[in-house]
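# below are the sequence and a predicted model; questions follow.
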Amino acid sequence: MTTEVRPRRGAKATMVLPAETAAARTPEPEPAPRPSKSFEKRPFLLDFFPLETADQTRLHPFYDRLRAGRLSTTRCPRDGELLWPPRTACPKCHLEELEWVDLPETGHVYAFSAVLAGAPLGMEGEMPFAVGLVDLDGAPLRLFGRIEGRPWTELRIGQPVRAESYDIGDGRVFYRFRTVG
Ligand SMILES: [Zn+2]
């Protein structure tokens, strides 16, 4: 008698337990239906990126606009304040009819660090890479994100950067910053 242990990633690993060990176990209930392929590759709780479609999040306009190259967020028309990250309701007045507004594409590095180990799932091969806080030009927002364009050892506080969207590779997109100048 064998017991198959579902692997975390990939589909080849099978663990065979000694017959007496397996027999002593309480039979497990039928497994739930297997999730789609993309979820198999990135277990939800370890997935660095959010779900983006209209049936998954009310913030889907953010990703739709990002897919078109536009970095945007929500603003409460009653309070007039920009909210970051984008919200489904105003934290002050609870209004849900928020408006989408484009954000400036350029900014300057306020602070940065480098990921040298322990990268999120799917980014292991990209280390080392820089992450940081970017002050957008002309908007009172400080955004966190990846910073591409030059090695982290050559980054400096105040470095001009530009926001860009990039393809995660499984149908989703996200934003990051790239050095300019
Ligand atoms: Zn409000």
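All right, it came through fine. Remember, it's a predicted structure, so these values are computed and weren't measured experimentally.
# next, the most centrally placed residue in the chain: secondary structure please.
When Cα atoms, centre = their mean is applied to the chain, the residue found nearest the centroid is Phe49 (2.5 Å). Applying DSSP: H, G, I helix; E, B strand; the rest coil to Phe49 yields a three-state assignment of coil.
# what are the phi and psi values at it?
Phe49 adopts backbone torsions of phi -100, psi 150, taken as degrees, to the nearest 10.
# surely it touches Arg172?
Yes - between Phe49 and Arg172 there is a contact under Cβ atoms under 8 Å: 5.7 Å. (Glycine included, C-beta is placed from N, CA and C.)
# mind checking pLDDT for Leu136?
We have a pLDDT of 97 for Leu136.
# Glu96 now?
The model reports Glu96 with a pLDDT of 96.
# SS state for Leu66?
Three-state call for Leu66 (three-state DSSP): helix.
# residues contacting it?
With contact taken as Cβ atoms under 8 Å, 6 or more residues apart in numbering, Leu66 is in contact with 72, 165, 173-175.
# measure it to Leu59 for me?
According to Cβ to Cβ, to the nearest Å, Leu66 and Leu59 sit 11 Å apart.
# taking the contacts of Leu66 one by one, which sit in strands?
72, 165, 173-175 (DSSP state E).
# and the two most separated of the residues you listed?
Ser72 and Phe174 (13.4 Å; Cβ to Cβ).
# so where's this structure uncertain?
Counting by pLDDT under 70, the chain contains low-confidence ranges at 1-45.
# show me what from it comes close to the ion.
Within reach of the ion by Cβ under 5 Å from the ion, the chain has these residues: 76, 78-79, 90, 92-93, 95.
# redo that, cut-off 8 Å
Within the chain, the positions lying close to the ion (Cβ under 8 Å from the ion) are 76-79, 81, 90-95, 98.
# adding secondary structure and neighbour count, write those out as JSON lines.
What follows is the residues of the chain next to the ion, written out as JSON lines (DSSP: H, G, I helix; E, B strand; the rest coil; neighbours: other Cβ atoms under 10 Å):
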{"residue": "Cys76", "secondary structure": "coil", "neighbour count": "21"}
{"residue": "Pro77", "secondary structure": "coil", "neighbour count": "11"}
{"residue": "Arg78", "secondary structure": "coil", "neighbour count": "13"}
{"residue": "Asp79", "secondary structure": "coil", "neighbour count": "14"}
{"residue": "Glu81", "secondary structure": "coil", "neighbour count": "13"}
{"residue": "Cys90", "secondary structure": "coil", "neighbour count": "19"}
{"residue": "Pro91", "secondary structure": "coil", "neighbour count": "10"}
{"residue": "Lys92", "secondary structure": "coil", "neighbour count": "11"}
{"residue": "Cys93", "secondary structure": "coil", "neighbour count": "9"}
{"residue": "His94", "secondary structure": "coil", "neighbour count": "9"}
{"residue": "Leu95", "secondary structure": "coil", "neighbour count": "13"}
{"residue": "Leu98", "secondary structure": "coil", "neighbour count": "20"}
